[in-house]
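Novice: Here is a sequence with its predicted model. Questions after.
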Amino acid sequence: MSKIITLSIFGGDSLKSYNNDSISSLKGADRVRKRPAVIFGSDGIDGCIHCVFEILSNSIDESREGYGSKIILTKYMDDSIEIEDFGRGIPVDFNSNEKEYNWKLLFTELYAGGKYNNESDSTYEYSLGMNGLGLCATQYASEFMTAIIHRDGYEYKLNFSKGENIGGLEKTKKSYESTGSKIKWKPDISVFTEIHIDDEIIKSMIKRQAIVNSGVTFIFRSENESGFDEFKFEYKNGLVDYVEEISEKNTMAPVQFFKDEKITRDREDKPEYKLKLNAAMAFSQSVNLIEYYHNSSFLEYGGAPEKAVKLAFVAQFDSLLRKLNKYNKNESKISFVDIQDCLILVVSSFSNVTSYENQTKKAITNKGIYDSMVEFFKHNLEIYFIENPIDSEKIANQILINKRSREDAEKSRLNLKKKLNANMDLASRVAKFVDCRTKKVEERELFIVEGDSALGACKQARDPNFQAIIPIRGKILNCLKSDANKILNNEIITDLIKVLGCGAVFHESKKKLSSFNIENLRWSKVIFCTDADVDGFQIRTLLLTMIYRLAPQLIKEGKVFIAESPLYEITTKSNTYFAYDESEKDEFLKKIGNQKYSIQRSKGLGENEPDMMNFTTMNPKTRRLIKIMPEDARKTSRMFDILLGENLSGRKNFITENGYRYTDNLDLS
C-alpha cells in the first residue's frame, strides 16, 4: 500500500495557524512605530530627515501666511531637534466642533489638521502640510517630544514619551513678546535604524526653504562642546538671488523672473483650484541647474513640472531656431538635454490642491498644474524672444552648439564601440597576434611581450592551448598625457584594446566615449612580460599606465600581472639556478658551496632558450607572477599623476625629496 505524506507550506497545522482570530490591527503609536517607512518613506536616516521636514513645514506654512518672519532650527548633541517659529501658535485647547481637545487631535490622531479645507476657506491658502500626518507621526516615532505654545494669552505645555502623553495639557496665563510654537523631539533609535543627521543635510534643507520663501529668515543652530554654531539663511529676492548665486553672475544674458496666478482643474468634472507660478531663468556656458519646488517642497523627482518644462522649452527654442533659419538642411531638431546643458532654472509653484506621489512629497502629478505650466512657459519664452532678440539668438546658437557637440560625441562613442568591440578574426586583423586554442575565458592567458624577438622565444615556450601572445613595438604612448583622439590614433594601443576585448573608458569633458564592459574581457590573466632592464621597466610602467587609464576595472578585478624575470642564471655541472634578486643569488652561491659554477646576468627575453622561457616565465607551476593590487587607489592615482602625468611641479618635488634613494643606479658614463 502506498503512503502519501502531505506537507503544509505554512508550517504546522495551516487550518489552526490562520483563522478568524489571526487578524489584528495596529493601534495608537504602533501604527507608526512598527511601520515608520509607510509614513516617512524609510526606517533609516531618510525617515528621520523627513520628520524634521514635516515639523519645519508647519512653521513655514505659518510664515507664508504672514505670521512670523523667522524660524529657528536647533540640533542638539544628543541628536534631538528643536524648531521654533513666531506664528500664531498651534491651537491646542478645546475644540467645540470635534468635542475634543485639539492637542489630542493634532499630536495623537493621524489625519487630523487645519489644512483640509483650503479650497473653501483661507486659513492656509497654499500649505506644504496637507494630510494631517506629520506632527502626529513624528511624535509617535520619537523617544520624547515636548511642545511649548504661546497664544491667546496663555502658555501651553505638552510632554510625550514613546508616543504616549505624560501629564496632559499644562495651561498657564502668561505674557510673552510673541506668539508661536516650539517643538523639541528626539527620533527613537528603536524605531529608526539611525538617528544622527549630519549638519550639512539640515543646512541644505533649510537653504532650499529660504530660496522659495523670500522674506523669511531661517536660523540653524548646531550644538557642540563649546556652545552653538549658528548659520543664517535668507534670500530677500528669492529665486533670482539664488540663480545669481549659482551662476556667480556670469550668464549669457540677465536673469529673468516670470510669475503668474491661474485658476485650473485636473479634469472637467473636478473642482477648480488656485495656482501660483514663479520661475527664475538664466543661461550659462559654465554651469547648469534645474530645480523644482511645490508649496516649498523640493521635488527631487519633478513630476508634472519637469514634464511641462521639457515640452515648453523644446517647443519654443525649436520654433526660434527654425525662425532664425539656424538648422542645416535635414538636420534633426534639438532635444531638452541640449537646452539643459546651459540652462539654470528654478521653478516654485503653489496650489491649494496638490496630488503628491506619496507622503514624502518628492513629485506631484496634477494634470491642471502640468497644463498651466506648459502654457506659462510657452507664453513667457515667446515674449522674452520678442523683447530680447539679440540675447535670444545668442542662447539659441549655444543650444545648437550643444546639440551638435552631443551628436558628435555620440558618433565618436559608436565609432569607438565599433572599432574596439567588433567581432573579428583577431589573429588575422591584429598584426603578429598569436591566439590560443581554448575558448574558455577562465583558462585563457594573454602575454604582452616586448618586441618581435621576445615573441619568437615566448611562442616556442608557451602552451598553445591556453596562452596567447601579442608583441609591442618599442615604448608605447603615455596615456596619462594624451587625449582620446591621440590614443585612438595609436595603432599599438588600439590593437591591445581589440585583443583585450573589453573596450575602454575615456574621461573627456562633455563626451561620453566609454565602451568598457568587463564581461567582454577575453582573458583570465593579462601578463606583462618585459626584459629585466631599464627599458623593460619603462615599457612595463607605460603598459600599466595604459590599463590604469583605459581599463582600471581590470586592476580592481585582479586580472593584471607582471611576469617576473630572473636577474641571474647560475650554472653548475649538474644544475641551473635562476636568482630573481641579489639575496637569492647569495643563497644559491652558499648552497653551491665549493662546486664550480658560472654566473651571468640573464639575457633579454628574445635571447633566452625556449626551455628556460617556459621554466621561468610561461609554466604556471614554476613561473613567478606579480599581481597588480589596487589596495590604495588614491595613492596609486597620485603616483601616476606625479610620475607620468601633467603634474610637473609635483614631479620636481618628488625628485627633490626622493632622488637620493636612486643615486647608486644613475648612469653617469
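Specialist: Alright, I've got the coordinates.
Novice: in the stretch 151-300 of the chain, which spans are helices?
Specialist: Remark: helices assigned in the stretch 151-300 of the chain by DSSP state H, counting those that start in this stretch are 199-212, 239-247.
Novice: Export those to a markdown table and append columns for mean pLDDT.
Specialist: Listed next are the helices of the stretch 151-300 of the chain as a markdown table, based on pLDDT from 0 to 100:
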| stretch | mean pLDDT |
| --- | --- |
| helix 199-212 | 95 |
| helix 239-247 | 95 |
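Novice: closest one to Val534 among those helices?
Specialist: Val534 lies closest, by CB to CB, to one member of the helices of the stretch 151-300 of the chain: helix 199-212, at 49.7 Å. Glycine gets a C-beta too; all of them are placed from N, C-alpha and C.
Novice: quick one, which of the helices of the stretch 151-300 of the chain is packed in tightest?
Specialist: helix 239-247 (a mean of 20; mean count of other CB atoms under 10 Å).
Novice: and that one, how far out from the chain's middle?
Specialist: The chain centroid and the centroid of helix 239-247 are separated by 24 Å under CA atoms, centre = their mean, to the nearest Å.
Novice: Which other helices and strands does it contact?
Specialist: helix 199-212, strand 273-283, strand 343-351 (3 or more CB pairs under 8 Å, 6 or more residues apart in numbering; DSSP states H and E).
Novice: Identify all contacting residues around it.
Specialist: The set of residues external to helix 239-247 that reach it, using CB atoms under 8 Å, 6 or more residues apart in numbering, is 211-212, 214, 235, 255, 257, 278-282, 284, 287, 289, 344, 346, 348.
Novice: one more time with 10 Å
Specialist: Residues from elsewhere that reach helix 239-247 (CB atoms under 10 Å, 6 or more residues apart in numbering): 207-208, 210-212, 214, 234-235, 237, 249-251, 254-259, 278-284, 286-289, 291, 293, 344-348.
Novice: Phe160 and Gly168 touch, don't they?
Specialist: No. If you go by CB atoms under 10 Å, Phe160 and Gly168 don't touch, sitting 11.1 Å apart.
Novice: pLDDT value on Tyr116, please?
Specialist: Model confidence at Tyr116, given as pLDDT, is 47.
Novice: what do you get for the one 10 residues further on?
Specialist: Looking at Tyr126, its pLDDT stands at 61.
Novice: Next, count neighbours for the closest residue in space to Ala141 that isn't next to it in sequence.
Specialist: Nearest non-adjacent residue to Ala141, counting by CB to CB, 6 or more residues apart in numbering: Val191, 4.8 Å away. By other CB atoms under 10 Å, 24 other residues sit near Val191.
Novice: Look up how far Asn608 lies from Val191.
Specialist: Using CB to CB, to the nearest Å, Val191 is found at 70 Å from Asn608.
Novice: Of the helices and strands packed on helix 239-247, which is nearest Lys621?
Specialist: helix 199-212 (55.6 Å).
Novice: which SSE is the closest residue to Ala312 other than its chain neighbours in?
Specialist: Nearest in space to Ala312, with sequence neighbours left out and distances taken as CB to CB, 6+ apart, is Phe377 at 3.6 Å. Secondary structure from DSSP states H and E places Phe377 in helix 367-387.
Novice: that older thread, more crowded one of Phe160 and Gly168?
Specialist: Phe160 (21 against 12).
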